[in-house]
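J.: following is a predicted model, sequence given first.
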Amino acid sequence: MSLYSETFYSNEINQLFSDRSVITNMLTAEATLAKAQAALGLIPSEAVEIIGFSCNVDYIDIDTLKADIKLGGNAAIPLVKQLTKAVKSSDFEASKYVHFGATSQDIIDTSSVLIIKQVIIWIENKLAVLEKSLLNITKEHKATITIGRTLLQQARPITFGLKTARWLESITRSKIRIQKVKTDVLQIQLSGAVGSGNSNITDEVQIKFAEYLNLKNTSPWQSQRDHLNEFASILGVLSGSLGKISKDISLMMQTEVAEVFEGAQEGKGESSSMPHKRNPVTCALILSNSARTPGLVSTMLSSMLQEHERSAGYWHAEWETLTQLIGLTCGSLEKSIDLIENLEVDTKRMLQNIELTNGLIYAEKVAFELSNTIGKMQAHEAIKKACKRTIDEGKHLKQIIRETHPEIDNIDALFQPENAIGNSIKWVEKITNKYS
């Protein structure tokens, strides 16, 4: 990994994709293949014991393997050579049954799925934590009044809980998508050279292989990559949802807004030249990841155009692309938990910001009230003129309405923020009740 391997990514996920981990999962696939074949009498039981013992990453010269990959075009070819040599050093006969009837893609795809299985478990656990944190902050700020913004401009009051409730729902939807995709993506690849099997890769071997690995048995999918792209697309959506949360928070952290802040920590958010700054560094990292993931999803989708029974290049394009996509998304997820769990909310500043426009944010509500007496279009035009006077004269809109439309007898109530939040509280309760 690079200098930034601990910056954008999760250390736990980095470990899952370390050289040792990837090789270990490939060796697991090789050992399990031999075990399945031995269970069906296709290879001697003595051979499977030696093969299983030899499928140890410590017996693999990783540097040599990496150097040899470019000769064969994938990691399985030099790995099988080294594994066969290790088995042969113990038992020549047993070495005949290494990788028996399989092809490189069987091992690479299956080992990738084994890693994805661990990734999904990790993601599900982290999503549950983030979901709980978002639920807690939503309940806490159900009635906390803040300004709703459209096109980056103050629009009308809402509650902060309504904003966080929408964050919450997006994360829950991603959690559901991850749960559903497991059925499609967690499946073996075992089909031999061209996906037709052979005398050593039979239906029975596939069943045993899947059973031992606790994966789904399925028809070969070596050049049909839709389920893998479904998973990649779900990661892209999750990354975007996390980025949306960070975008909102980073905007609310702006000096002129100052409504929320990332949790304080010694040295966090410092500027190298400006001592006064408190930068949204966690948001920045999440947003950086979210900016990179769409291109990776696009590459994955492009790689679906695989020729015949095995692609020259498109399959290969998936390897690092999917690894990076998983790494960046999981990095964002981990950082988002820290962001939400330690988020500081300045409710007083939220109320102060509501008054910045001299009451203009209540214009729609006043227009609705006035329309009851003079009609919708006429009310809209009348309040539009009043708003212009507010801007030109620097007066509060309420004062101008008192002057121009004294017939409105509930003017004070129209300019109370708690009376202008619409269904915010009711809708927050509706959303949070789903998690009871």
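T.: Yep, that arrived. All values reported here derive from a predicted model rather than from experimental measurement.

J.: could I get the pLDDT score of the closest residue to Leu40 other than its chain neighbours?
T.: Excluding its sequence neighbours, the residue lying closest to Leu40 (CB to CB, 6 or more residues apart in numbering) is Glu204, at 5.4 Å. (Each C-beta comes from the backbone N, C-alpha and C, glycine too.) Looking at Glu204, its pLDDT stands at 97.

J.: what is the neighbour count of Glu204?
T.: Here the number of neighbours of Glu204 (other CB atoms under 10 Å) works out to 13.

J.: so for the helix or strand that contains it, what gets flagged as buried?
T.: Per DSSP states H and E, Glu204 falls inside helix 203-213. Neighbour counts over helix 203-213 (16 or more other CB atoms under 10 Å) mark Val205, Gln206, Lys208, Phe209, Ala210, Tyr212, Leu213 as buried.

J.: wait, which of those residues is closest to Gln306?
T.: Nearest to Gln306 among those is Gln206, at 21.3 Å by CB to CB.

J.: name all residues that make contact with that closest one.
T.: Ile188, Leu190, Gly197, Asn217 (CB atoms under 8 Å, 6 or more residues apart in numbering).

J.: ok, back up a step: following the chain past the helix holding Glu204, name the next helix or strand.
T.: Scanning forward in sequence from helix 203-213 by DSSP H and E, the next helix or strand is helix 226-252.

J.: just give me how far that following helix sits from the chain centre.
T.: Taking CA atoms, centre = their mean, to the nearest Å, one finds the center of helix 226-252 at 5 Å from the center of the full chain.

J.: so what's the residue count around Lys117?
T.: Using other CB under 10 Å, Lys117 has 17 neighbouring residues.

J.: now do the closest residue to it other than its chain neighbours: how many residues are near it, please.
T.: Among residues not flanking Lys117 along the chain, Leu186 sits closest, at 5.4 Å (CB to CB, 6+ apart). Residues lying near Leu186 (other CB under 10 Å) number 20.

J.: Leu186 touches Ile115, doesn't it?
T.: No: using CB atoms under 8 Å, Leu186 is not in contact with Ile115, being 11.0 Å away.

J.: still on that earlier bit, how near is the residue nearest to Leu40 to Ala39?
T.: Computed as CB to CB, to the nearest Å, the Glu204 to Ala39 distance reads 9 Å.

J.: over to Leu3?
T.: 47 Å.

J.: and these two? Which one has more around it.
T.: Neighbour tally, Leu3 and Ala39, criterion other CB under 10 Å: the higher count belongs to Ala39, 17 against 6.

J.: and that one, what pLDDT?
T.: Here the pLDDT value assigned to Ala39 is 97.
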